[in-house]
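K.L.:
I need the structure of the sequence given here:
(one chain, ligands or ions: 2)
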Amino acid sequence: MLEKDVSLVEGAIKEYYFNHFDLIGIPSKISQREFGYQKINGGMIRHVAINDIKELHLLLMRETPSDVYCSNAYYSFPSMPMSEKDWKGADLIFDIDAKDLGLSCRNDHSVSRCSECHDTVIGKQTACAKCGSTKSELVSVACKNCIAESKVETKKLIQILVSDLGIRDEEIEVYFSGNEGFHLRVVNNSYEILESQQRADLADYVMFNGAIPETFGMKKQNNSKSTLPEMGEFGWRGRVAENLFGSKSKAAKMSRQIILDGYSAFQVRLDSMRQTIGARIDPKVTMDIHRIFRLEGSINSKSGFSKFKCKNIDEFDPFTDAVLLGEEKAEVIANCPVQIKLKNKKFGPYSNERVSVPKYAAVYMICKGLASAV
Ligand SMILES: [Zn+2]
Ligand SMILES: [Zn+2]
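P.N.:
Ligands and ions are numbered 1, 2, ... in the order given. Below you'll find the model as predicted:
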């Protein structure tokens, strides 16, 4: 990032941490966590120990990090190398990201930016129309549908955690990730000691991976003796029945037909059901017991939005609620081929124009590589 862009973005981030430090989610057992951070154009600094809230405030004000992370784990010695940290346990965490959901809207709000001449165009392109370069990066800009679909996955996940795994609603913290998805943190003592493999199994469970017909009463031999689950049953059996039959009145007839169709056809049905009834999380995040996870309330430098706590996920609108950088005007040269709507104001499309926009919109476009400070 160019020096003048760095200074605009860092200025806005510093102001945010000065004015909104109250939005930072102070982790429990703060002194046992490993912190990490990055500065714009800089590498990741890890293995940082922080003793209290004051030290955290100082770090944010002194370093103006573009991104701040905190371990889900707690250790005896958080600043030591990994092998010497002495792992004590870790919060159970989940990551849902719109880019992993295979949504058809993605191409409409992806922008290719040529690495040579910086020309931008909507959608994927193999070679730049202006300079012919084949080097480009693809950035995704704000999309309501991506957020709506991520909310659907988040709610499915919460439902499974609460109904099947004995986790209470109030033990689940939901955060907008600051870009295109949601992060969940479970604060429940009985899960914090799970090892990586157990967390991988748990991830498979919530994703409905590896389901076999036998679990749902379908027999490979003596197929006619199969009995499928009924609607209203506990856990996956109930969810599968609901997906298969839709309503109680149709259940008996459909059940007979599905049994007639046989074992293999049922396996195919189970596999395709995964997208609908499983929660589409990133399993790598959940199974990682040494992860440093974006700090709650901190700024995400992919957008300049904050990782914002959602008290009511249905009403939450990231493009208003999580846009917390300054409102003063900033001058930028914008080259943003799609229109963006932030805080109910529309910006663009812009084609290499000098515009004066609120700082939050300037930072957003700069972070996406679609504008540059004047
Ligand atoms: Zn080009
Ligand atoms: Zn989308």
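K.L.:
Show me how this structure divides into domains.
P.N.:
Domain ranges of the chain: 3-100+143-205+282-373, 209-277, per automatic domain parsing.
K.L.:
The residue of the stretch 251-374 of the chain found nearest ligand 2 is in what secondary structure piece?
P.N.:
Distances between the stretch 251-374 of the chain and ligand 2 by Cβ to the ion are smallest at residue 338, namely 11.1 Å. To be clear about C-beta, it is placed using only N, CA and C from the backbone, and glycine gets the same treatment. Assigned by DSSP states H and E, residue 338 belongs to neither a helix nor a strand.
K.L.:
same deal with the one 3 residues further on?
P.N.:
With secondary structure defined by DSSP H and E, residue 341 is part of strand 340-342.
K.L.:
so after that strand, what's the next helix or strand?
P.N.:
strand 345-347.
K.L.:
before we move on, the earlier item: can you name every helix or strand that the strand holding residue 341 contacts?
P.N.:
helix 318-321, strand 345-347, helix 359-367 (3 or more Cβ pairs under 8 Å, 6 or more residues apart in numbering; DSSP states H and E).
K.L.:
could I get those as CSV with mean neighbour count, distance to residue 26 and mean pLDDT?
P.N.:
What follows is these, written out as CSV (neighbours: other Cβ atoms under 10 Å; distance: least, Cβ to Cβ, whole Å; pLDDT from 0 to 100):
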stretch, mean neighbour count, distance to residue 26, mean pLDDT
helix 318-321, 18, 20, 98
strand 345-347, 14, 32, 97
helix 359-367, 26, 24, 98
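K.L.:
can you put the ones you listed in TSV and add distance to residue 210?
P.N.:
Listed next are the helices and strands packed on strand 340-342 as TSV, based on distance: least, Cβ to Cβ, whole Å:
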stretch	distance to residue 210
helix 318-321	33
strand 345-347	45
helix 359-367	39
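K.L.:
okay if I get the ones you listed as a markdown table plus distance to ligand 1?
P.N.:
Shown next, in a markdown table, are those (distance: least, Cβ to the ion, whole Å):
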| stretch | distance to ligand 1 |
| --- | --- |
| helix 318-321 | 29 |
| strand 345-347 | 23 |
| helix 359-367 | 19 |
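K.L.:
Looking at those, which is nearest to residue 113?
P.N.:
Counting by Cβ to Cβ, residue 113 lies closest to helix 359-367 out of the helices and strands packed on strand 340-342; the figure is 11.4 Å.
K.L.:
Tell me the helices and strands packed up against the closest one.
P.N.:
Helices and strands touching helix 359-367, as assessed by 3+ Cβ pairs under 8 Å, 6+ apart, comprise helix 3-19, strand 329-334, strand 340-342, strand 345-347, strand 371-373.
K.L.:
so how far is it off the chain centroid?
P.N.:
20 Å (Cα atoms, centre = their mean, to the nearest Å).
K.L.:
Then stretch 146-154?
P.N.:
Taking Cα atoms, centre = their mean, the mean C-alpha location of stretch 146-154 is offset from the chain mean by 10 Å.
K.L.:
This structure: helices as residue ranges?
P.N.:
3-19, 53-63, 144-164, 196-207, 235-245, 248-261, 263-277, 283-287, 318-321, 359-367 (DSSP state H).
K.L.:
which of these is buried the deepest?
P.N.:
Compared across these, helix 359-367 shows the largest average neighbour count, a mean of 26 (mean count of other Cβ atoms under 10 Å).
K.L.:
Now do it and helix 3-19, the angle between them.
P.N.:
Relative orientation of helix 359-367 versus helix 3-19 (axes from the mean of the first three to the mean of the last three Cα atoms, to 10 degrees): 130 degrees.
K.L.:
quick revisit: now distance to residue 240 too, for the helices and strands packed on helix 359-367, in a markdown table please.
P.N.:
Formatted as a markdown table, the helices and strands packed on helix 359-367 follow (distance: least, Cβ to Cβ, whole Å):
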| stretch | distance to residue 240 |
| --- | --- |
| helix 3-19 | 46 |
| strand 329-334 | 50 |
| strand 340-342 | 39 |
| strand 345-347 | 44 |
| strand 371-373 | 49 |
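K.L.:
The residue lying closest to residue 210 once chain neighbours are set aside and residue 196, how far apart?
P.N.:
Excluding its sequence neighbours, the residue lying closest to residue 210 (Cβ to Cβ, 6 or more residues apart in numbering) is residue 204, at 5.8 Å. Using Cβ to Cβ, to the nearest Å, one obtains 13 Å as the distance from residue 204 to residue 196.
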